[in-house]
Every structure is written in C-alpha cells, then in structure tokens.
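1. no sequence on hand, only this structure:
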C-alpha cells in the first residue's frame, strides 16, 4: 500500500518590529506604570472601597483628561492611533508627570520633535585636547547609551584599564551592573544605578529599534537581576550634574563633583569632568 506524501508546511517568517511598533509598545507600558502608581485621592477622586488593581482605572484617567475611554484604552494597548499634543498634555497633567517623564511621553508618542537633531557621533581633535588639559582631573566622553568613546590618562583610576575589555563591555551601565573595577571603587553604586537606568530608558526612546541599543538592553537584562528590577520601574530622567565618591586603591577617598559638557546640539554625546569637592580630594587627585 502506497502512503500518501506528507504535506510540508511553509515556515512563517516573523517580521521584525518596526520603529513605530517599538515606540507604541514602550508608550503603552510607560502609561500603565504611571497610572498604577497614582492613588485616587491624589487627583481628587473619592475612595470607593477596595480596588482589584493599584492606582487609577483607565476610565478615570480618560475622565480627568477629558478624552474618550475607548481612545485612551487603545493608547494603553499600543494601537496605531493619531495623538495630538493637546491630548498628550492633558494625559501628562492627569498622570502627574514630572519634567523628565513628560518629555519621555512626548518622545515616545512622536509628537514633540518629528525631526530630531542628530547627535555628535565623533570625538574631534579639539575634544581630545580638552581631555588631556583636564588632567589630573579625570574626564571621559560618553554617548547617551553610556558607551565610553574617549578618556584621559587619569580616568582609568575610576573604571580600570578599558583596553583590557572587549569593546562591547566598555560601557558604564555594563560596568555598574556587573563585577568591575568601576563598581568596586564607586562607593554609592547601589543608589547611583537606578538613575543611570532612568537616563538610559529616556535616551532609548529615540533609539528603541536600533540593534546596538537592543543588544545592550538584552545583555543587561540577562546579566543583572538588579538591572531588570530597575528597568521594570519605567522611571525616566535627563542627565544632570552631581557628586560621586570613589575609594581608589593606593590613593584614598575622592569626593568629586561631576559636570556634563554637551558636545552637540542635542543631549547625546557629552564630556564628563570630575573635579575635587574638597581640599583633601584635590591633593589626592595629584596622585592619580
């Protein structure tokens, strides 16, 4: 008896997500995370007994923002709908977004800057000269993904010998969330890391579909449960100046003020210089 030939099914090729799909998915998750953190009494709503889910309901956000419930539901579902700046403004005010969160919302919705300015992608001779002139104060040039692009001779005291690392590991986020010299000498690394993740997420809104960004994000989520926990918070922030403390072997405790110098018209590539916060740190920096 002759058996009938078996039919072979043609494998379905999964289409890669488009930049628009990535943005809408991120926008939906961001809105849900912000909605769930707000108690009804924060926005003037009466308590109506026990709630099955934390925060506001979708229909409450829609009512307070004066938009349709169906429309807001579609927005949180990541559907491809047109969003006006006026509606986004109302949603931002309803969800009590701060400046960084509001900027992130508009970026994800594609309503704030349809033609973003390109970042400065190269380190010029002039920038390298400035790095050298900063010595003995450590200085580094990084992009918005936290990749280290250039640095002066004293900066390795903070991060170790970067030349010994593979290129994909020369990234401050990676060094902060994996065992490294940087994590060892940065005294307050546990409290510093959530802010780094928030700035990374904010910057990624413009680059979510780019392979280099997706690769770094995947590596970090697999390598560090602490990063994954911070990533799931959906917090966003813009870069700013501040203070860091380093316990450098053979040198001592350095209390530093760090300052960002932007190298382009947008907040992308920047030089960060570390200057002493007190006389003791100033003296110790001469030993770097």
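-> Received, thanks. Computed from a predicted model, the values in this text were never measured in an experiment. Residues are numbered from 1 along each chain as shown.

2. show residues contacting the longest strand along the chain.
-> The single longest strand within the chain, with elements called by DSSP state E, is strand 252-262. With contacts defined as C-beta atoms under 8 Å, 6 or more residues apart in numbering, strand 252-262 is touched by 138, 187, 239-248, 268-278, 280-281, 284-285. For the C-beta atoms, the positions are set from N, CA and C on the backbone; glycine is no exception.

3. longest helix in the chain, please.
-> helix 19-36 (DSSP state H).

4. which residues are contacting that helix?
-> With C-beta under 8 Å, 6+ apart as the test, helix 19-36 has contacts from 17, 53-56, 58, 61, 75-80, 91, 95, 97, 101, 104-105, 108-110, 205, 208-209, 233-234, 236.

5. helix or strand right after that helix?
-> Sequence order places helix 58-65 as the next helix or strand after helix 19-36, per DSSP states H and E.

6. just checking, what packs against that following helix?
-> Judged by 3 or more C-beta pairs under 8 Å, 6 or more residues apart in numbering; DSSP states H and E, the packing partners of helix 58-65 are helix 69-76, helix 85-94.

7. doesn't residue 136 make contact with residue 155?
-> No - with contact defined as C-beta atoms under 8 Å, residue 155 does not reach residue 136; the gap is 10.5 Å.

8. looking at those two, which one has more neighbours?
-> residue 155 (23 against 15; other C-beta atoms under 10 Å).

9. for the more buried one, which non-adjacent residue is closest in space?
-> For residue 155, ignoring the flanking residues on the chain, the nearest one in space by C-beta to C-beta, 6 or more residues apart in numbering is residue 138 at 4.2 Å.

10. contacting residues for the one you found?
-> Per C-beta under 8 Å, 6+ apart, neighbours of residue 138: 151, 152, 154, 155, 157, 158, 256, 273, 274, 288.

11. how much space between it and residue 207?
-> 27 Å (C-beta to C-beta, to the nearest Å).
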